[in-house]
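> everything below, folded, please.
(2 chains)
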Amino acid sequence: MEFIEVETLQRLKEGDGHAFTPIVEAYQTPVYNLCYRMLGNAQEAEDAAQETFWRAFQSIHRYDSSRSFITWLLSIAAHYCIDQQRKRRLPLLDIDDLAESGISDNAPDPEGQVHQNEEEEIIQNMLARLNTQDRAVIILKYWYEFSEIEISKALKLSVSAVKSRLFRARKEIARLWEANQMDTHPEGEKHYVAPAF
Amino acid sequence: MSHQPFETWIFEHEELSQDEREQMQAHLDSCQECRQLKAAWQNANVRLQVKPMVMPKHGFTQRWEAGLERRQVELQTQQSQQVRRFLLYLGLSNAVAIITFVALSIQKGAFLSWIIDAFQELVEIPSILSGLVNTATSLLQAMPDYLSFAAWITVTCGLCMLTVIWVYSLWRTTFRGVTIR
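Model (predicted):
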């Protein structure tokens, strides 16, 4: 459901809140995931996702139906999270929340769940250390497979700014990964397993 | 040692030419920093490609529906408060202006003469209006017929449009208020 139906859009523009429920149902996971990746806390992500849908509902008359709806929705979510981060300044990390909120790829066993949580922790740690805008760029690029043009539209940045932010964020992630490896293998036997691709 | 353009090549996933690949390999052979950075990025990139989606807790849509009702009530309350506040401030500021004016006039002893002047002006209004009507009529008579008709149409349309805008603004402010973000 990348574009919403004309009839639904018309009902929404007339202020019919019930017409928005199927949209919330359909997009709750991508919106919540974006908020969670941006904010790193389940409760804040829930609030931010709810706020995103409310803002989208309120400004539905401004939605250009020729544009992808998910791009528009995620743009609202990203801007809201960036604003929240600016207000908060310090990024929070709350990995315990992951036990409460589900991960959509179901882990087959407890060991797998532990491994998945560790992977999550690494990813979330890296994201939390990025500059807010760079984090949004990385999330849209990797989780939502947005092109650089789509990211630039969603975040209201120029394409060259998106490119430079992507470059900076990737470099930062590589440095964090390297530092993480140093912590895990402090003896100098660096564990670089570079897969061939 | 300069790490450019090799760093760019490491982090931007563009296809390299044969010549660029050779340059890259030569640089990696001699630069441990870039070698480590490339390996680290490749590992991190693998983790990023997994991209698990985190789902909200069960009942997100139900919470949205409950929240929607609450937010709509809040919004309506906020808007009616805003309208009431606006009308209150408008009334108060008018009252303050009138009281100040009256007080200043009384203090200067000019209040009575001001009332007399105002009355005289009021009496003169019909004659001013009739003068304006005469001027307008003579102007219209001086114009060719087709021009006078066009002028009437323009003035009437303009007045109608202004009235519509005025009524719409009043309605919007009174019933819908202004959206607060």
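> CA only for contacts and neighbour counts going forward, please
Will do.
> which is the next helix or strand following the biggest helix by length in chain B?
With DSSP state H setting the assignment, residue counts place helix B:60-107 as the longest helix in chain B. Counting by DSSP states H and E, the next helix or strand C-terminal to helix B:60-107 is helix B:111-142.
> could I get the buried residue list for the following helix or strand past that following helix?
Following helix B:111-142 in sequence order, the next helix or strand is helix B:145-171 (DSSP H and E). Neighbour-count burial for helix B:145-171 flags B:Ser148 (criterion: 16 or more other Cα atoms under 10 Å in any protein chain shown).
> can you check stretch A:135-147 too?
So stretch A:135-147, judged by 16+ other Cα under 10 Å, has buried residues A:Arg135, A:Ala136, A:Val137, A:Ile138, A:Ile139, A:Leu140, A:Lys141, A:Trp143, A:Tyr144, A:Phe146.
> buried residues, the host helix or strand of B:Thr8. List them.
According to DSSP H and E, B:Thr8 maps onto helix B:6-11. For helix B:6-11, the neighbour count (16+ other Cα under 10 Å) marks B:Phe6, B:Glu7, B:Trp9, B:Ile10, B:Phe11 as buried.
> so who does the third one touch?
Counting by Cα atoms under 8 Å, 6 or more residues apart in numbering or on different chains, B:Trp9 touches B:Leu16.
> how does it look with 10 Å?
Listed by Cα atoms under 10 Å, 6 or more residues apart in numbering or on different chains, the contact set of B:Trp9 reads A:Phe167, B:Glu15, B:Leu16, B:Glu20, B:Arg21, B:Met24, B:Lys38.
> repeat for A:Trp143
Neighbouring residues of A:Trp143 by Cα under 10 Å, 6+ apart: A:Pro30, A:Asn33, A:Leu34, A:Arg37, B:Leu48, B:Gln49, B:Val50, B:Lys51, B:Pro52, B:Met53.
> in PyMOL, select just the buried ones from the residues you listed.
Under the burial definition 16+ other Cα under 10 Å, those of the contacts of A:Trp143 that qualify are selected in PyMOL by:
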select buried, (chain A and resi 30+33+34+37) or (chain B and resi 48+52+53)
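> in helices only, show me the contacts of A:Trp143.
When DSSP H defines the helices, the subset of the contacts of A:Trp143 inside them is A:Pro30, A:Asn33, A:Leu34, A:Arg37, B:Leu48, B:Gln49, B:Val50.
> gap between the second one and B:Ile10?
Taken as Cα to Cα, to the nearest Å, the spacing of A:Asn33 relative to B:Ile10 amounts to 28 Å.
> touching, A:Arg168 and A:Leu130? I think so.
Yes: the pair A:Arg168 and A:Leu130 passes the contact test of Cα atoms under 10 Å, sitting 9.4 Å apart.
> these two: who's more crowded?
Taking neighbours as other Cα atoms under 10 Å in any protein chain shown, A:Arg168 and A:Leu130 compare with A:Leu130 leading, 20 against 17.
> how about low-confidence regions in chain B?
B:1, B:109, B:175-181 (pLDDT under 70).
> care to break it down by domain?
B:6-50, B:86-130, B:143-181 (automatic domain parsing).
> from those, which stretch is densest packed?
Of all these, domain B:6-50 carries the top mean neighbour count, a mean of 15, counting by mean count of other Cα atoms under 10 Å in any protein chain shown.
> the helix holding B:Thr8: what's the following helix or strand?
helix B:18-30.
> so is that next one next to chain A?
No: applying Cα under 10 Å from any Cα of the partner chain, one finds helix B:18-30 separated from chain A by no less than 13.7 Å.
> from the contact counts, what lies against that helix?
Contact partners of helix B:18-30 among helices and strands, from 3 or more Cα pairs under 10 Å, 6 or more residues apart in numbering or on different chains; DSSP states H and E: helix B:6-11, helix B:32-50.
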